[in-house]
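Trainee: When you get a sec, could you give me coordinates for this:
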Amino acid sequence: MTARALVASNTQPAQLAEAELRQAYDWVPIEQAEQVVALGGDGFMLQTLHAMLGRRRILPVFGMNLGTVGFLMNDWRLEGLEERLARARPFRVSPLTMTATTVGGEHIVLPAINEVSLLRETRQTAKLEVTINDRIVLPELVCDGILVATPAGSTAYNFSAQGPILPLGSALLALTPISPFRPRRWRGAILPEKTRIGIRVLEADKRPVSAVADQREVREVTHVHVEIDHMRDLTLLFDPEHALDDRITMEQFIA
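Mentor: Here you go, the predicted structure:
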């Protein structure tokens, strides 16, 4: 029998569901688990995955939605959990690694499951130089910011910024500007996931920019490098009838 751990967000619905599940099924501490069941919304799922990356012990995660959107989650049901877990389809999610250098010379490395975004810190627009595999492709992008999204994150902030939806398993990254001013016609790029993306902040003292890896922010950066990290692939588990790749595909047809 597979040893499973149960984790839940601190919201009231998730806490109530956790109490029900603990009475209905057997659970082990996360240190002894082979799988994890997570109760909450997408934010809590990201928190759970980041915690595993931090512990360097990565387990398959089956989420049940007790939040709002729940894009990364399955439907909440108390009954039949053992059967659902036995039938669940695994999906691999490769995180990004962001390496940021600050104005003060500090180097910070953070993982990102959805996206890495750079955002202006003041009313002045940001000026960014963009490189692809060490080649300058945009000498000066004037904008509010720019982001790099994975397929799993392409329906989140990236989509709100008019970026493309990427099918899961497409081995692609989305590079999407946020409110670009110049070049006026540039609306982003779709890149192979092996691409090394570099962003240099021009006039970093005058036009400060922050870098955010999912929900973790580094302020006043001068350089940011982003690339995929296959050494720490994550596994999400989904009901066959409610799989993540299907949801990503159908998101393109929602008006």
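
Trainee: what's across from T99 in the sheet?
Mentor: For T99, the beta-bridge partners under DSSP bridges are V109, H225.

Trainee: Burial check on it, number of neighbours?
Mentor: By other C-beta atoms under 10 Å, 17 other residues sit near T99. Backbone N, C-alpha and C define where each C-beta goes, glycine included.

Trainee: The one 10 residues further on now?
Mentor: Close neighbours of V109, defined as other C-beta under 10 Å, add up to 10.

Trainee: now do H50
Mentor: Count around H50 with other C-beta under 10 Å applied: 20.

Trainee: how much space is there between T150 and L78?
Mentor: Using C-beta to C-beta, to the nearest Å, we find T150 at a distance of 32 Å from L78.

Trainee: More neighbours: the two, which one.
Mentor: Neighbours per residue, other C-beta under 10 Å: of T150 and L78, the larger number sits with T150, 25 against 12.

Trainee: Break down the stretch 51-200 of the chain into its helices, ranges please.
Mentor: Along the stretch 51-200 of the chain, the segments classed as helices by DSSP state H, counting those that start in this stretch run 81-87, 157-160.

Trainee: Can you tell me which of those is nearest to F253?
Mentor: Ranking the helices of the stretch 51-200 of the chain by proximity to F253 (C-beta to C-beta) places helix 157-160 first, at 13.1 Å.

Trainee: Now that closest one: buried residues?
Mentor: Residues 157-159 are the ones in helix 157-160 that count as buried (16 or more other C-beta atoms under 10 Å).

Trainee: same deal with stretch 181-189?
Mentor: Buried residues in stretch 181-189, counted by 16+ other C-beta under 10 Å: 188-189.

Trainee: Residues in contact with it: which ones?
Mentor: With C-beta atoms under 8 Å, 6 or more residues apart in numbering as the test, stretch 181-189 has contacts from 125, 138, 140-143, 162-164, 174-177, 180.

Trainee: 7 Å instead?
Mentor: Outside of stretch 181-189, the residues within contact range by C-beta atoms under 7 Å, 6 or more residues apart in numbering are 125, 142-143, 162-163, 174-177, 180.

Trainee: Among those, which ones are in strands?
Mentor: 142-143, 174-177 (DSSP state E).

Trainee: Bridged to L191, which residues?
Mentor: L173.
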